[in-house]
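>>> fold the following for me, if possible:
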Amino acid sequence: MKNIREVLAIGFLLAASSMPGYASSFSFSPTTDAGSLWQVDGSLSGALAIESQSGGPNGDYTMVFTFASSLTSVGGVTVTSGTGTVTSGMIDPSNPDRYIVNLAGVTNGQIITVSLTNVLSSGGLKPTVSASMGVLIGDTNSDGFVDSADIAQTKSQSGILVTSSNFREDVNGDGFIDSADIAFVKSKSGTVLNNFQIDPTNRPARVPDTGSSAALLALALFGITFFGRRLRSGVTAPS
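This is a model prediction of the structure:
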């Protein structure tokens with residue numbers, strides 16, 4: 001729903017210069033939500049963020065690049081990695097510091113990269129500005145998996161007013177968190193984000209190796225060497 005929330009945005013890893021005039025932040029959202037109230041800016045150095053909301057049956061999303069100074073022109077915009085098509089790109093007529101990219105056919109379970117070329121602003125010319133974002137519908141906790149944790153998180157917000165702190169659980173983007181969102185997340189359970197480098201803090205729990213394996217191996221090698229020498233020293237030559 002338009003005007004329910006601002007570019008329900010997802011951050012990006014940016015392969016761009018931090019010099020004045022170049023992109024400083026990004027947002028990503030289902031196209032139907034672009035221009036509403038909430039926005040999460042991308043990070044120049046943080047972990048890749050993941051969009052949990054559906055882009056509808058056609059996979060429609062909007063990416064917004066924000067620059068430190070006004071744009072004069074952008075030579076072109078393309079999807080350079082992942083699946084999706086640029087339907088339009090333009091300098092925001094209400095804010096020349098921003099460049100708006102509309103996408104269609106963005107598939108689920110992928111990392112998509114969008115690149116701007118020949119970006120000219122009052123800060124200078126940048127040949128290429130690129131941003132990448134994960135798309136995994138239903139991954140409300142952004143760990144690269146859709147599982148029982150996401151289902152539980154969505155259930156915990158059911159019936160609660162959508163805000164900037166829980167909009168990720170509004171998976172279908174209708175402005176409510178309810179049984180439809182819970183069912184949507186359940187339908188995506190088991191899906192993963194391809195080529196996603198999992199944060200070690202989000203890895204499944206396992207028994208830690210505290211060094212005991214290496215110690216046992218060293219002990220075994222020592223034993224083989226020691227007793228081998230003893231056996232050899234005890235063997236007498238035949239008369």
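>>> residues near S130, how many?
Residues near S130, counting by other C-beta atoms under 10 Å, number 19. (Each C-beta comes from the backbone N, C-alpha and C, glycine too.)
>>> can you list the helices and strands that the helix or strand hosting it packs against?
S130 is located in strand 124-135, with elements delineated by DSSP states H and E. In terms of contacts (3 or more C-beta pairs under 8 Å, 6 or more residues apart in numbering; DSSP states H and E), strand 124-135 is packed against strand 13-14, strand 23-30, strand 50-51, strand 61-67, strand 110-121.
>>> partners of that strand, with directions?
strand 13-14 (antiparallel), strand 50-51 (parallel), strand 110-121 (antiparallel) (DSSP bridges).
>>> tell me which stretches of the protein form helices.
148-157, 179-188, 212-233 (DSSP state H).
>>> helix or strand with the lowest mean pLDDT in the protein?
Taking mean pLDDT, DSSP states H and E as the measure, the helix or strand of the chain with the lowest value is strand 13-14, at a mean of 34.
>>> ok so, going back, select, out of the helices and strands packed on strand 124-135, the one closest to T80.
Proximity to T80, assessed across those by C-beta to C-beta, is greatest for strand 110-121 (4.5 Å).
>>> same question for the closest one, mean pLDDT?
Averaging pLDDT along strand 110-121 yields 93.
>>> turn the strands paired with strand 124-135 into a markdown table, including distance to S25 and mean neighbour count.
Below are those laid out as a markdown table (distance: least, C-beta to C-beta, whole Å; neighbours: other C-beta atoms under 10 Å):
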| stretch | distance to S25 | mean neighbour count |
| --- | --- | --- |
| strand 13-14 | 9 | 22 |
| strand 50-51 | 16 | 24 |
| strand 110-121 | 14 | 20 |
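>>> could these go into TSV alongside distance to S142?
As requested, the strands paired with strand 124-135 are exported to TSV (distance: least, C-beta to C-beta, whole Å):
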stretch	distance to S142
strand 13-14	14
strand 50-51	5
strand 110-121	13
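>>> re the thing from before, counting neighbours, which bits of the strand holding S130 end up buried?
126, 129-135 (16 or more other C-beta atoms under 10 Å).
>>> and which of these is nearest to L116?
V129 (4.5 Å).
>>> closest to Y99 among the buried residues of strand 124-135?
V129 (8.7 Å).
>>> wait, that closest one sits on S115?
Yes. Using C-beta atoms under 8 Å, V129 is in contact with S115, at 6.9 Å.
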